[in-house]
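Enquirer: based on what follows, work out the 3D shape:
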Amino acid sequence: MKPLIYIIYLFIFSSSLRAQTINKTMSGQVKDIQNEPVPGATIRLLKAGDSIAIQTKTAKDNGKFEFTNLINGTFILAVTASGKKEYLTAPLTIDDNRTAILLPVIILLPGKKTELKEVIVTTKRPLIEHDLDKTIVNPDAMIGSSTSNTLEVLEKTPGVTVSTDGEISLNGKNGVLVLIEGRPTYMSGQDLAAYLRSLPGSMLDKIELMSNPPAKYDAAGSAVINIRLKKNKIQGYTGNISLNYSQGKTGRSYNYLNLNYLKKKVNFFGNFSYSRDGNSSDDIYQRTFYNDNNSKTSSIDLKNHFL
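Expert: Numbering: from 1, shown residues only. Model prediction:
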């Protein structure tokens, strides 16, 4: 009787061992809508319950793939490839009764085309740039420069001070040498101020400030302001006119006409400007004098009106 029982146990043990050593597999092939293999497609074997990746394979040149040494369970295949939509299978079950699954051909559909729109990169010049021997101010980065004249732009420039009579100083230095395109203006203070008022701020390219100018500038130890104007690159005849007028107690008018002819390396240009600047101010002084007893002895009322 005992030998028979041993034989039965041995049969059951060998059957269990055989079931555990069976190589459980899942295989298939990946193609596109033209029925061409998709080599390099990525196939992930996911656990159906929580989508944990069990194995990952890459399709061969013929698009085929195979998962081996699988355990019992329910799985999902996720198939991806460049330029294709992701493909997910229905749940697939591996158990002792179904040890090998051969999937039908997996067809990957084209992915959604993404067209890049035109990309325009714009940069703005900073207000202030620092060079070795000068500070460069870019008027285009200054608010309101296009509707102001050059003298008003200078008044807003860091380090530059313009007095009521048009005298310009830089970082506390008076007698500043003002250059236009690197050339001296040879104008007195008031004449220079009138000329700068006639230049629209929209014509300014940059302003170079030199507190300690190089030796090539005959600045007599003072500072230099070099005003650079925008270059006109349009061939032929061009010109522009600017008319400005404002009215308070007095009228202010800045008018400018510029004519330019450019033909290859030949350039002729000229300008005419007219400005009228009217200032008005009222000064009122009141003074009262008292003696030692706090009694009022006299008072002065003074009114000055300037035009």
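Enquirer: confirm residue 217 sits in a helix?
Expert: No - secondary structure of residue 217 (DSSP: H, G, I helix; E, B strand; the rest coil): coil, not part of a helix.
Enquirer: that one against residue 224, yeah?
Expert: Yes - with contact taken as Cβ atoms under 8 Å, residue 217 and residue 224 are classed as touching, separated by 5.0 Å. In this view, the C-beta of every residue, glycine as well, is placed from N, C-alpha and C.
Enquirer: so which of these two has more stuff around it?
Expert: A side-by-side neighbour count of residue 217 and residue 224, using other Cβ atoms under 10 Å, places residue 224 first with 24 against 16.
Enquirer: isn't that one up against residue 173?
Expert: No - counting by Cβ under 8 Å, residue 224 stays clear of residue 173, with 9.8 Å between them.
Enquirer: how about residue 72: what's its closest non-neighbour residue?
Expert: Using Cβ to Cβ, 6 or more residues apart in numbering and skipping the chain neighbours, the partner closest in space to residue 72 is residue 95 (4.9 Å).
Enquirer: how near is that neighbour to residue 70?
Expert: In this structure, residue 95 lies at 10 Å from residue 70, with Cβ to Cβ, to the nearest Å as the measure.
Enquirer: give me the common contacts of residue 217 and residue 224.
Expert: 177, 179, 210 (Cβ atoms under 8 Å, 6 or more residues apart in numbering).
Enquirer: can you list the domain ranges for the chain.
Expert: The chain resolves into domains spanning 21-108, 120-230, 232-307 when parsed by automatic domain parsing.
Enquirer: how about CSV for the ones you listed, with mean pLDDT added?
Expert: Supplementary listing: the domains of the chain in CSV, determined by pLDDT from 0 to 100:
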stretch, mean pLDDT
domain 21-108, 90
domain 120-230, 79
domain 232-307, 73
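Enquirer: show me where the stretch 101-250 of the chain has its strands.
Expert: Assigned by DSSP state E, counting those that start in this stretch, the strands in the stretch 101-250 of the chain fall at 106-108, 128-130, 135-137, 160-162, 168-170, 177-180, 183-184, 204-210, 224-229, 236-247.
Enquirer: could you dump the ones you listed to a markdown table with distance to residue 91?
Expert: Compiled in a markdown table, the strands of the stretch 101-250 of the chain are given as follows (distance: least, Cβ to Cβ, whole Å):
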| stretch | distance to residue 91 |
| --- | --- |
| strand 106-108 | 15 |
| strand 128-130 | 66 |
| strand 135-137 | 70 |
| strand 160-162 | 78 |
| strand 168-170 | 81 |
| strand 177-180 | 82 |
| strand 183-184 | 85 |
| strand 204-210 | 71 |
| strand 224-229 | 74 |
| strand 236-247 | 76 |
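Enquirer: who wins for proximity to residue 288 among those strands?
Expert: Between residue 288 and the strands of the stretch 101-250 of the chain, the shortest gap by Cβ to Cβ is with strand 160-162, which sits at 35.7 Å.
Enquirer: who does the closest one pair with, and is each partner parallel or antiparallel?
Expert: strand 168-170 (antiparallel) (DSSP bridges).
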